[in-house]
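J.: take a look and give me a structure for this.
(chains A and B)
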Protein chains: 2
Amino acid sequence: MRPKVVIIGAGFGGLYAAKTLAKQAVDVLLIDRQNFHTFTPLLYQVATCALDPSDIAYPTRGIFRNKPNVRFLLGEVRAINRADKYITVKTNGQERHERYDYLIVAAGSVTNYFGSRDLARRAFGLKDLNDAVILRNHILKLFERALWTEDPVYRHALTTLVVVGGGPTGLETAGALYELYNHVLREEFSDAQNLTARVVLVEAADHLLGTYPERLQKAAYQQLKSLGVELMLGETVENVTEEGVFLKSGRFIPSCTLVWSAGVKASPTAQMLGVELQRGGRVPVLPTLELPGHDDVYVVGDMAYLEDLHGQPYPMLIPVAKQQGILAARNILCRLKGLELQPFRYHDRGIMATIGRRRAVAWIFYRVQLTGFVAWVAWLGLHLIWLMGFRNQMSVFLNWAWNYLTYDRSVRIILEHRRFDAAISETQIEVRREPVIEG
Amino acid sequence: MRPKVVIIGAGFGGLYAAKTLAKQAVDVLLIDRQNFHTFTPLLYQVATCALDPSDIAYPTRGIFRNKPNVRFLLGEVRAINRADKYITVKTNGQERHERYDYLIVAAGSVTNYFGSRDLARRAFGLKDLNDAVILRNHILKLFERALWTEDPVYRHALTTLVVVGGGPTGLETAGALYELYNHVLREEFSDAQNLTARVVLVEAADHLLGTYPERLQKAAYQQLKSLGVELMLGETVENVTEEGVFLKSGRFIPSCTLVWSAGVKASPTAQMLGVELQRGGRVPVLPTLELPGHDDVYVVGDMAYLEDLHGQPYPMLIPVAKQQGILAARNILCRLKGLELQPFRYHDRGIMATIGRRRAVAWIFYRVQLTGFVAWVAWLGLHLIWLMGFRNQMSVFLNWAWNYLTYDRSVRIILEHRRFDAAISETQIEVRREPVIEG
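T.: Here you go, the predicted model:
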């Protein structure tokens, strides 16, 4: 019987691990709670009506169509039993055990509200496709509501969006929201000319894009400002209520929408491993990506805590997850063949962030610094190439070309998958309106 | 002050009424509970993973972007007060009154379960975009479940779909489901080769497509049969349970999916008019589309009951709704100008139904009868032209071309807009799993 490798998570880490093991002499079981792999860098474009959900989602089974040694199970992992080498998966309302010879844990990260119940209840995260569609529906509904609201204070709050976090996701979301509001929705609502749509970006540090060189930080600041986004640097969120967002400095922003991109932490799956966790709930691993003392368990991607040569943990970025997924798979194959395991070496090609129409910053190979139109074109091209599947690439290209040429956003539909019976829809809205409390 | 025309519903009837009144000397208020207009003939393609929801949805406000005399209100009509000439709309959780000088009621139709509580609870309708996405998610989930089910009886029920109704929607849905199952999903699930995917079409009459000439009825039958769909004619549904579908003849089909396209009735909005309703809950109207005795209220489309010269009611079809919407709007303008009102004359260009890849029937101008590939190309071309908006046309064309060339279905994602917290997601699934009981 061939060794069985179970992979938890079909994000970039798990997916590339499974791809590496495809057609090798192992049986692979890939587990995810979604039936698709999500191209997360473009989530904010789904949230801001620029792309369809299916444009950035690729059915996981389609990826392994002709790889009969990779099976897929749609379900949620509930427990990991390292002593008896099996995991428990909730699938179809039942619990199911799956034994493993090797386990790759790649469950990624979740939004970190740092224990704030109010934030968890009221803020919108942007970590998966559900988050993106929930935010899209919310924004479109509030704009509809604003038009029929007489009270100027409430109306203003309905069209004010606060984005917290000055990293790439925060910048991208703030820029895209501003463009959606002021270039699309206000144009479309002939009676909306008196609405003041406001987007505020709040960041605790006194600069944006913490890990970028100063020139690019300043360029990003200038580009966001020239677009129209209000920037509040050196500010942190104290509290969020129905009326708006309170900052620690005492400032208050009346708003019905807080998008939280100020922190992530490892998936709670990390706690199932029964080891002491590092900062951000991440699992400490050996350079070979094995769990220390357990050569049958590998942890990769956002969940793994591993320091580079300078003593800094590798960042929670897609290229890290992808390369770690591949290495974990290769190391399992090495072990099966009795070869020496390899340590992780990160091949970093640079970082980039887009801000809006013809606005971006890029730091390529940590040498070339690009800003503005050139950086934006580079960003578009690379993301199009990275996207999985020719159909999705074509569809995204079509949407981008259309949006660019027409100043339009194609996907401005409120779709909540509910029936319109009064009794039931009320319940559903209630349930859906409350984001989940996370630990 | 200009006369105010309120239009209930942004389907084909209401939309074309509003288009006709745009830039005329009236104020128009268009009300719908969705913020988009749906191209309903392609709903079954969304349900069977061939198209994205946004491909067939066009934002209503976008249609009236440069028509400042047309306003849009997102909400649900709760009452019509004909004596005092106002309507009550539930919007944003509040009730709002809107007065009118003229009212056009175009709220369309809903699925008719003929009072069966079990059907209403367990059957899947296919009348709006929510229905389509709910059915898509359901089918994909059951196929995932079937793969991991040991019990052969239950597994078989999971991959058996029963479609009830031998009209165009039933045929199209049955054909598309069969292709999705046997050409896409079974190929993709490498471990699914032993699954027997079965699609059964049940129709009460002893022939399909009641209103078509016999040659086309037979052609449709042959094409469905050659595709692989099982046909049960002269059969009606007795009951549906968790285990399957019981037919009146005593036959039982073990199945977890019943798609109901065997009947529609006028929207319950018809009951708000306080007049005696006709068959199917439709509102009897004068040939001018006015409510008898009330020259300020017009009813158009599926909701309106009007007999043609042969004493037959006009069918619930898009061209009827569209032409009635235009006529109602024109008659209001005539009345305002003191001109004579025109009676409704239906310009019928024919009917067509598609069955699957390269399979269709068409009856053009009720003279030319087309079947097979020619009819299929005609169907594709006309539906592409009828679709609203160049972006949507491009996107649908791209998806069709892709699906045709690759035998793929692009949109195979289960997207339920729920968060993955155990407590909350359980509730949501419960709520969503139960279709609504309709009167």
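J.: and residue A:88, how far from residue A:29?
T.: Residue A:88 sits at a distance of 13 Å from residue A:29 (criterion: Cβ to Cβ, to the nearest Å). For the C-beta atoms, the positions are set from N, CA and C on the backbone; glycine is no exception.
J.: where does the stretch 201-350 of chain A dip in pLDDT?
T.: Counting by pLDDT under 70, the stretch 201-350 of chain A shows no low-confidence range.
J.: strands of that one, start to end?
T.: With DSSP state E, counting those that start in this stretch, the ranges of strands along the stretch 201-350 of chain A come out as A:230-233, A:237-240, A:244-247, A:252-254, A:257-260, A:264-266, A:283-284, A:290-291, A:294-299, A:304-305, A:350-356.
J.: now the helices for the stretch 151-300 of chain A?
T.: For the stretch 151-300 of chain A, the helices identified by DSSP state H, counting those that start in this stretch occupy A:152-158, A:168-179, A:186-188, A:214-227, in order along the chain.
J.: got the buried residues for the helix or strand where residue A:79 lies?
T.: Here residue A:79, judged by DSSP states H and E, is contained in strand A:76-81. When burial is assessed from 16 or more other Cβ atoms under 10 Å in any protein chain shown, strand A:76-81 yields the following buried residues: A:76-77, A:80.
J.: break chain A down into its structural domains.
T.: What automatic domain parsing lists as the domains of chain A is A:4-111+A:264-337, A:117-261+A:350-406.
J.: make CSV out of those and add distance to residue B:185.
T.: Shown next, in CSV, are the domains of chain A (distance: least, Cβ to Cβ, whole Å):
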stretch, distance to residue B:185
domain A:4-111+A:264-337, 8
domain A:117-261+A:350-406, 17
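J.: can I get those domains in a markdown table with distance to chain B?
T.: A markdown table is the format used below for these (distance: least, Cβ to the nearest Cβ, whole Å):
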| stretch | distance to chain B |
| --- | --- |
| domain A:4-111+A:264-337 | 4 |
| domain A:117-261+A:350-406 | 4 |
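J.: could you look over these and pick the most buried one?
T.: Across the domains of chain A, averaging neighbours per residue (mean count of other Cβ atoms under 10 Å in any protein chain shown) puts domain A:4-111+A:264-337 on top, at a mean of 21.
J.: center of chain A - which residue?
T.: The residue lying closest to the centre of chain A (Cα atoms, centre = their mean) is residue A:127, at 3.4 Å.
J.: residue contacts, that residue?
T.: Residues in contact with residue A:127 (Cβ atoms under 8 Å, 6 or more residues apart in numbering or on different chains) are A:40, A:43, A:109-111, A:264.
J.: among those, name the ones in helices.
T.: Among the contacts of residue A:127, the members falling in helices (DSSP state H) are residue A:43.
J.: mind jotting down where the helices sit in the stretch 1-150 of chain A?
T.: For the stretch 1-150 of chain A, the helices defined by DSSP H, counting those that start in this stretch cover A:12-21, A:43-47, A:60-63, A:117-122, A:129-147.
J.: can you list those in JSON lines and add distance to residue A:239 and mean pLDDT?
T.: Shown next, in JSON lines, are the helices of the stretch 1-150 of chain A (distance: least, Cβ to Cβ, whole Å; pLDDT from 0 to 100):
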{"stretch": "helix A:12-21", "distance to residue A:239": "35", "mean pLDDT": "98"}
{"stretch": "helix A:43-47", "distance to residue A:239": "24", "mean pLDDT": "95"}
{"stretch": "helix A:60-63", "distance to residue A:239": "40", "mean pLDDT": "92"}
{"stretch": "helix A:117-122", "distance to residue A:239": "6", "mean pLDDT": "92"}
{"stretch": "helix A:129-147", "distance to residue A:239": "20", "mean pLDDT": "93"}
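J.: among those, which is nearest residue A:309?
T.: Between residue A:309 and the helices of the stretch 1-150 of chain A, the tightest spacing by Cβ to Cβ is seen for helix A:12-21, at 21.4 Å.
J.: got the angle between the closest one and strand A:294-299?
T.: 120 degrees (axes from the mean of the first three to the mean of the last three Cα atoms, to 10 degrees).
J.: got the contact list for helix A:12-21?
T.: Under the criterion Cβ under 8 Å, 6+ apart, external residues in contact with helix A:12-21 comprise A:5, A:7-8, A:10, A:28, A:30, A:32, A:37, A:60, A:63-64, A:69-70, A:104, A:106, A:108, A:300-303, A:318, A:321-326, A:328-330, A:332-333.
J.: run the last query once more with 6 Å
T.: Judged by Cβ atoms under 6 Å, 6 or more residues apart in numbering or on different chains, the contacts made with helix A:12-21 from elsewhere in the structure are A:5, A:7, A:28, A:30, A:37, A:70, A:104, A:106, A:300-301, A:318, A:321-322, A:324-326, A:328-329.
J.: so what's the residue nearest to residue A:36 when sequence neighbours are not counted bridging to?
T.: Leaving aside its sequence neighbours, residue A:36 sits nearest to residue A:57 (Cβ to Cβ, 6 or more residues apart in numbering or on different chains; 4.1 Å). Counting by DSSP bridges, residue A:57 is bridged to residue A:38.
J.: ok, residue A:57 - contacts?
T.: A:36, A:38, A:129, B:413.
J.: who wins for proximity to residue A:395 among the strands of the stretch 201-350 of chain A?
T.: Scanning these with Cβ to Cβ as the criterion, the closest one proves to be strand A:350-356, at 18.8 Å.
J.: Provide the strand pairings for the next helix-or-strand element following that closest one, with the direction of each partner.
T.: Toward the C-terminal end, the helix or strand that comes next after strand A:350-356 (DSSP H and E) is strand A:359-364. If you go by DSSP bridges, strand A:359-364 pairs up with strand A:350-356 (antiparallel), strand A:368-371 (antiparallel).
J.: can I get the ones you listed in a markdown table with distance to residue B:291?
T.: Listed next are the strands paired with strand A:359-364 as a markdown table, based on distance: least, Cβ to Cβ, whole Å:
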| stretch | distance to residue B:291 |
| --- | --- |
| strand A:350-356 | 51 |
| strand A:368-371 | 64 |
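J.: first to last residue in stretch A:353-369, what's the distance?
T.: One end of stretch A:353-369 sits 12 Å from the other (Cα to Cα, to the nearest Å).
J.: from the chain's centre, how far out does that stretch sit?
T.: Counting by Cα atoms, centre = their mean, to the nearest Å, stretch A:353-369 is centred 19 Å from the centre of its parent chain.
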